[in-house]
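Colleague: Fold the following for me, if possible:
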Amino acid sequence: MSKNSTVFLLLLEPSQNDAEHVASLLRNSGIPTRANRIENEEDLVEALNQQVWDLFLIRVHQDANITPYMNQIAQMERDLPVIVLVDDYDAERTVALMKSGARDVINFEAEKHIVLAAKRELGNLTIRRRLRELELQINDAEQRCELLLDNSKDAVAYVNDGMHVYANASYLNFLGYDDLDDLICVPVLDTLDAESAEKYKTITKSLSDPKAKAAAAEDVPVVTERADGTTIKVLMSLSEASYDGERCLQIILRPEKDNAELEEKLREMSQLDLLTGLYNRQYFMEHLAEVKEAAVTTGSQYALMYMAVDNFQRLKGELGIADADVILRELAHVLNEQTDLACVLGEDADPERVLARLSDDIFALACPVSNANHAQEIAEEYRKHVEDHLFEVEGRTQQITLSIGITLVTENSPNVKDMLGRAQTASEEVREQEESKEGNGIRMYQSKRENPMDDLDLAITMLESALANNSFKVLYQPIISLRGKGDEHYEVFIRMLNEKGEEVSPYEFMPPSGPTEMASKIDKWVIMQTIRQLSEHRSRGHDTKLFINLTAETLQDKTFPSWLNIALQSAKLPGDSLIFQISENNAITYTKQAKDFCKGVQALHCKFSINQFGLALNPFNLLKHLSPDYIKLEGSFTEDLQKESQKEQAKEMIKQLQEMGKMTIVPYVESASILAVLWQVGVNYIQGYYLQAPSASMNYDFSEE
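Modeller: Residues are numbered from 1 along each chain as shown. So this is what the prediction gives:
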């Protein structure tokens, strides 16, 4: 589940206030939550029929029984994780509830535990949903593959437990069978002569060995016995495969040819780098895939090393292409020496190492290791062996060094390209960590935390640095009137620029729980920047107004209205050019402060807006205490308006807001198809990428609307 996607939460909770408290707890932790409270089993059935839910929290008292609810979820075949909240812990009851199907049982007061469990279950749910999508894609791919096999000229069959389960037309013709039904359940051994049958048995028994698996994929000469009793010499290759969801063995038969030796030579040549004689990139990537498979199936651990020649482009410019190639050939020989030495000494449990040249000045090594320290020791041996070698070209001595990046290959490693990317990143960091930028070192890849800003101390340091270095950027996205008005509105967004100059959204750089002072400082920085740009923009004849989002920290700052008054006077801007916007969740959590804040900014003629409206269990209750000028709906309602099953609920909410005299804004408008619906229900303003993405300047042409 992506960081800013809305989570649909079901709550079985007798108390409206407690239900709202739990929903707010998740929102405050950074989970955009749209909740619905139910009271009984009938409500659950109705809710499950209406839409797909992401999480179900059940509050139980004493000996309450959750079995009827779990049965309904199972009967309707819904993948809905359930967490039970209790008033006090009881080991026996906890076991009973988890046997009934609860994923966790947590004390209602243990708020941090609730948040962690919710994030865990939502993460697991995302994985399960993705798995189901992949299964559909696999099924589709298998159907396409079967169609290709049926029309293939190669004779292909699948075997399970020694029996044929599938054969294409070429295979049937090869063995003289008219129909697949005649071959199904015929043992493979019955289609081979005695000597070939022994070869087949030997190969299949040893397929668990990676070396034997590679040998089995090569063509083996055998003699097949056809249905009519005649025999024919063929080349057979075996490989593990999957058919109809079951692991099996794939057999490919080809006619025996006189030039088999030549074909083998060509195959070997296709795996080698012509300049150095090492394996080439294509072969290495295929080998890396086999290494990953071995790590998954056997639990083995390997190291992938990315070896970059330091300052090679400068060396190439000094020596010329021809002499640079001489250096590369000698370097390949030096690396191969170290590889051969390790294999002879048997330093590893499995001494096999595969060395390859990936590109001009990049080499790579894959080898088995026992742990990270072992991998670093091996890398250091290669680095030192190259550093100590004196390279000579036309009487001139050259010293070559390597920056070696290492990543471990385990059952939990990503795909092959990402693994190589990790090793490359580590290699590049070798040079970055050295003042001279000359490299000549090794570095183990370190996984980055999902969000380093979750560390509050680190967050404060990074944000202070960003403010000091002016490493923030303001963007503007237009908000367009649907009612024919020529109003010029933009919403202000902020991005932080990282060390590479890339934009980072607030979802990443603002931790959900603070830090308090920094959030308020960033709000003021944004306001000062936008006021300055807005003043300049309005001086060119525009009557533009800006929506500025504020954090809960600014909402609680009693000195903010007086500070804002001074800022507006300095910029000579009217107060009605600014519309301050806070989230519904912050408005609910700090209702009293929000009420005082609203009075304070409206006294300066500024407007007030609530965004993400509709997430609360009873959002209209908030409007009894606050009187915002604008209401921006939560983004999931935009999707609801395009679904027949959800459309009426969203329409009713907009209708109620219109009757209360609120100006409504619908975000995330991504196509023209929804505009007619929005017009019909009376929406005042729309916003989204269909109109324009956030931009560094206020350049939207409102006259076209």
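
Colleague: for the helix ranked longest in the chain, packing partners?
Modeller: The helix of greatest length in the chain, counted in residues with DSSP state H as the criterion, is given as helix 111-150. Under the contact criterion of 3 or more Cβ pairs under 8 Å, 6 or more residues apart in numbering; DSSP states H and E, the helices and strands touching helix 111-150 comprise helix 16-28, strand 55-59, strand 82-86, strand 104-107. (Each C-beta comes from the backbone N, C-alpha and C, glycine too.)

Colleague: Residues touching stretch 659-670, excluding its own?
Modeller: Contacts to stretch 659-670, defined as Cβ atoms under 8 Å, 6 or more residues apart in numbering, come from residues 479, 609, 611, 623, 628-633, 635, 637-639, 641, 654, 657-658, 675, 678, 682-691.

Colleague: now the end-to-end length of stretch 484-502.
Modeller: For stretch 484-502, the first and last residues are 38 Å from each other (Cα to Cα, to the nearest Å).

Colleague: Can you list the buried residues in the helix or strand where Met285 lies?
Modeller: With elements taken from DSSP states H and E, the one containing Met285 is helix 281-298. By neighbour count, with 16 or more other Cβ atoms under 10 Å as the criterion, the buried positions of helix 281-298 are 283-285, 287-288, 291-292, 294-295.

Colleague: got the residues you listed as CSV, with distance to Arg37 columns?
Modeller: Converted to CSV, the buried residues of helix 281-298 look like this (distance: Cβ to Cβ, whole Å):
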residue, distance to Arg37
Tyr283, 60
Phe284, 57
Met285, 53
His287, 56
Leu288, 51
Val291, 52
Lys292, 47
Ala294, 51
Ala295, 47
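
Colleague: Quick check: of those, which lies closest to Gln533?
Modeller: Met285 (49.2 Å; Cβ to Cβ).

Colleague: Quick check: which ranges of the stretch 1-150 of the chain have low pLDDT?
Modeller: Flagging of the stretch 1-150 of the chain using pLDDT under 70 yields the residue ranges 1-4.

Colleague: Then the stretch 451-600 of the chain?
Modeller: For the stretch 451-600 of the chain, residues meeting the criterion pLDDT under 70 lie at 451-460, 507-516.

Colleague: Looking at the helices and strands packed on helix 111-150, which is nearest to Val504?
Modeller: Ranking these by distance to Val504, with Cβ to Cβ as the measure, places helix 16-28 first at 21.4 Å.

Colleague: and for that closest one, what are the contacting residues?
Modeller: Under the criterion Cβ under 8 Å, 6+ apart, residues 7, 9, 11, 13, 33, 35, 37, 57, 59, 85, 108, 111, 114-115, 118, 512-513, 585, 588-589, 615-618 lie in contact with helix 16-28.

Colleague: before we move on, what about stretch 467-480?
Modeller: Contacting residues not belonging to stretch 467-480 are listed as 465-466, 488-497, 503, 518, 521-522, 525-526, 529-530, 533, 546-547, 665, 685-687, 691-698, 700, 702, 705 [Cβ under 8 Å, 6+ apart].

Colleague: Please narrow these to those residing in strands.
Modeller: 488-497, 503, 546-547, 665, 685-686 (DSSP state E).

Colleague: What are the phi and psi values at the residue lying closest to Val223 once chain neighbours are set aside?
Modeller: Taking Cβ to Cβ, 6 or more residues apart in numbering, and ignoring the residues beside it in sequence, Val223 has Asp193 as its nearest neighbour in space, at 4.4 Å. Its backbone dihedrals place Asp193 at phi -80, psi 170, with angles given as degrees, to the nearest 10.

Colleague: Asp193 contacts Glu225, correct?
Modeller: Yes: in this structure, Asp193 sits in contact with Glu225. The criterion is Cβ atoms under 8 Å, and the distance is 6.0 Å.

Colleague: For the two, list the residues in contact with both.
Modeller: By the contact definition Cβ under 8 Å, 6+ apart, Asp193 and Glu225 are jointly contacted by Thr231.

Colleague: burial count for the residue nearest to Val223?
Modeller: Neighbourhood size, Asp193 [other Cβ atoms under 10 Å]: 15.

Colleague: ok, now His21?
Modeller: Under the neighbour criterion other Cβ under 10 Å, His21 is assigned a count of 15.

Colleague: Next: Lys316.
Modeller: Counted with other Cβ under 10 Å, the neighbours of Lys316 add up to 18.

Colleague: Which residues does stretch 174-194 contact?
Modeller: With Cβ under 8 Å, 6+ apart, stretch 174-194 has contacts from 155, 157, 159, 162-167, 172, 197, 200-201, 222-228, 230-232, 234, 251, 253.

Colleague: Not counting its neighbours along the chain, what's nearest Leu564?
Modeller: With Cβ to Cβ, 6+ apart as the measure, Leu604 is the residue that lies nearest to Leu564, at 6.3 Å, once sequence neighbours are left out.

Colleague: Correct me if wrong, but the one you found is in a helix.
Modeller: No: with DSSP: H, G, I helix; E, B strand; the rest coil as the criterion, Leu604 is coil rather than part of a helix.

Colleague: Was I right to think it contacts Phe560?
Modeller: No: look at Leu604 against Phe560 with Cβ under 8 Å: they stay out of range, at 10.5 Å.

Colleague: For stretch 310-327, list every residue counted as buried.
Modeller: Residues of stretch 310-327 classed as buried by neighbour count (16+ other Cβ under 10 Å): 310-312, 315-316, 319, 323-324, 326-327.

Colleague: Could I get the average pLDDT for it?
Modeller: In this model, stretch 310-327 has a mean pLDDT of 86.

Colleague: okay, how far is it across it, tip to tip?
Modeller: Start-to-end span of stretch 310-327 (Cα to Cα) is 13 Å.

Colleague: For it, which outside residues touch it?
Modeller: 275, 309, 360-361, 391, 393-394, 398, 400-403, 431, 438-440.

Colleague: follow-up on the earlier one: just the buried residues of the contacts of helix 16-28.
Modeller: 7, 9, 11, 13, 33, 35, 37, 57, 59, 85, 108, 111, 114-115, 118, 585, 588-589, 615-617.

Colleague: Would you state the strands of the stretch 351-500 of the chain in chain order?
Modeller: 354-359, 362-368, 391-393, 396-398, 402-409, 441-444, 472-481, 488-497 (DSSP state E, counting those that start in this stretch).

Colleague: a markdown table for those, including distance to Asn49 and mean neighbour count?
Modeller: Conversion of the strands of the stretch 351-500 of the chain to a markdown table gives the following (distance: least, Cβ to Cβ, whole Å; neighbours: other Cβ atoms under 10 Å):
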| stretch | distance to Asn49 | mean neighbour count |
| --- | --- | --- |
| strand 354-359 | 55 | 20 |
| strand 362-368 | 53 | 23 |
| strand 391-393 | 74 | 15 |
| strand 396-398 | 75 | 11 |
| strand 402-409 | 47 | 26 |
| strand 441-444 | 52 | 21 |
| strand 472-481 | 35 | 20 |
| strand 488-497 | 36 | 21 |
